[in-house]
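**Student:** sequence and predicted structure are below.
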Amino acid sequence: MSLQIYNTLTREKEIFKPINDGKVKMYVCGPTVYNYIHIGNARPIIVFDTVRRYLTYRGYDVQFVSNFTDVDDKLIRAAEELKISVPEVADKFIGAYFDDVDQLNVAKATVNPRVTENMDEIIAFISALIEKGFAYESQGTYIIVRKICGLWKLSQQPIAELQMGREFLRMI
């Protein structure tokens, strides 16, 4: 029996076909590490650990990447409250994260990159989006949803009916 997966865009089950036979690469956005994990963090940890274990059981070689957001306004506030540096906050709660996932019997990700380890690549990517006209800066960086072909289609709603679409349409 073949593995089937639900395609949110087409709203149909499809046979799962990895890009490379026998290998699956999974990326899941991990927690912002300014505090202990909560149920909102635990859900994707458990769900995607289950998916990864099932794929491994089915014989796939799985590379599972889950990042840590270790720079953010929340980390800065936590550092001020705890009277320690932002990297110390991140290290403290990354350690607590691993303790918690061990208690949940969750297998560790293959790789846990930190945002701070990839800032040059992130800045280059955002700069490229701006240069290509897919994003703009105005007290932050914003994607121009209409220009990224079909970005909003997963919602199954016309862009003008989406909150972000209405806000965007008001701006142009």
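**Tutor:** That came through, no problem. Every value quoted in this text rests on a predicted model; they were computed, and no experiment measured them.

**Student:** hmm, who's touching the helix or strand hosting residue 24?
**Tutor:** In this structure, residue 24 sits in strand 23-28 according to DSSP states H and E. Outside strand 23-28, the residues within contact range by C-beta atoms under 8 Å, 6 or more residues apart in numbering are 18-19, 44, 48, 51-52, 55, 60-67, 109. In this view, the C-beta of every residue, glycine as well, is placed from N, C-alpha and C.

**Student:** and the strands in the chain?
**Tutor:** 4-7, 12-15, 23-28, 61-66, 135-137, 141-143 (DSSP state E).

**Student:** deepest-packed of the ones you listed, please.
**Tutor:** Most buried of the strands of the chain by mean neighbour count (mean count of other C-beta atoms under 10 Å) is strand 61-66; its value is a mean of 17.

**Student:** what is that strand packed up against?
**Tutor:** strand 23-28, helix 39-57 (3 or more C-beta pairs under 8 Å, 6 or more residues apart in numbering; DSSP states H and E).

**Student:** need the helices for this structure, in chain order.
**Tutor:** Using DSSP state H, the helices of the chain run over 39-57, 73-82, 86-103, 119-131, 163-171.

**Student:** got the phi and psi for the residue positioned nearest the centre of the chain?
**Tutor:** For the chain, the residue whose C-alpha lies nearest the mean C-alpha position (C-alpha atoms, centre = their mean) is residue 29; its distance is 2.4 Å. With angles defined as degrees, to the nearest 10, residue 29 sits at phi -60, psi 120.

**Student:** for it, report the pLDDT, please.
**Tutor:** In this model, residue 29 is scored at 92, pLDDT.

**Student:** quick one, what contacts the residue nearest to it when sequence neighbours are not counted?
**Tutor:** Distances taken as C-beta to C-beta, 6 or more residues apart in numbering place residue 67 nearest to residue 29, at 6.4 Å, with adjacent residues excluded. Residues in contact with residue 67, defined by C-beta under 8 Å, 6+ apart, are 27, 29, 30, 112, 113, 114, 115.
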